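Participant: Sequence and predicted model, in that order:
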Amino acid sequence: MFSKEERLCSRSLIEKLFNGDRAKSVMSFPLRAVYMTEEQGDARVCAKILVSVPKKNFKHAVDRNRVKRQIREAYRKNKTIFDGILPDKMLVIAFVWTDSKHRDSDEVGHRLKGLLHRIAEKLQEASEIRPKTPEIRPEVLENQSKA
């Protein structure tokens, strides 16, 4: 189920996501995902999402709601991809629909699953690349000073 805790409602987080320099973007037509990591608060979820379907693409609210429902359902089915990737941080994601045509739910699910896998890969790469401070042992310092 897609719970209230998984929805991105915080105005400050949304502003950070779209205006901040820490956010990254991934595209898989007709979806664009903008994401960033945030310090984990008291939330019980590993990710918070926002779904946006511009009025420019679909004039009628019924059409926008249908697309949002498809995206939420596809996310609900595939959200386990992020389990264990960021144990001490929370992922904030905004899904933005970029097409002006309806898509089949299977296609939306396939595209969203691809996006989630790409985000997970990038997060894993970033956590592996993160520089670790080397320990400097006293005997190494002594050997360097003698040479």
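Facilitator: Nice, thanks for sending it over. Numbering: from 1, shown residues only.
Participant: Please enumerate the helices of the protein.
Facilitator: For the chain, the helices defined by DSSP state H occupy 11-19, 61-78, 105-129, 138-146.
Participant: name the helices or strands packed onto the longest one?
Facilitator: With contacts defined as 3 or more Cβ pairs under 8 Å, 6 or more residues apart in numbering; DSSP states H and E, helix 105-129 has these neighbours: strand 24-28, strand 31-39, helix 61-78, strand 89-97. For glycine as for every other residue, the C-beta is placed from the backbone atoms N, C-alpha and C.
Participant: Distance check, M90 against C46.
Facilitator: 6 Å (Cβ to Cβ, to the nearest Å).
Participant: ugh, wrong one, P54
Facilitator: Applying Cβ to Cβ, the value for P54 to C46 is 27 Å.
Participant: neighbour-wise, which of those two wins?
Facilitator: Of the pair P54 and C46, C46 is the one with more neighbours under other Cβ atoms under 10 Å, namely 18 against 11.
Participant: what residues are up against the more buried one?
Facilitator: F82, D83, I85, L86, M90, L91 (Cβ atoms under 8 Å, 6 or more residues apart in numbering).
Participant: which phi and psi does it have?
Facilitator: Note on C46: its backbone torsions stand at phi -90, psi -10 [degrees, to the nearest 10].
Participant: Could you do the one 10 residues further on as well?
Facilitator: Reported as degrees, to the nearest 10, the phi and psi values for K56 are phi -60, psi -30.
Participant: so what's the closest residue to L13 other than its chain neighbours up against?
Facilitator: Counting by Cβ to Cβ, 6 or more residues apart in numbering, V92 is the residue found nearest to L13 once chain neighbours are left out, at 5.8 Å. Residues near V92 by Cβ under 8 Å, 6+ apart: L8, L13, K16, L17, Y35, M36, T37, E38, A47, K48, I49.
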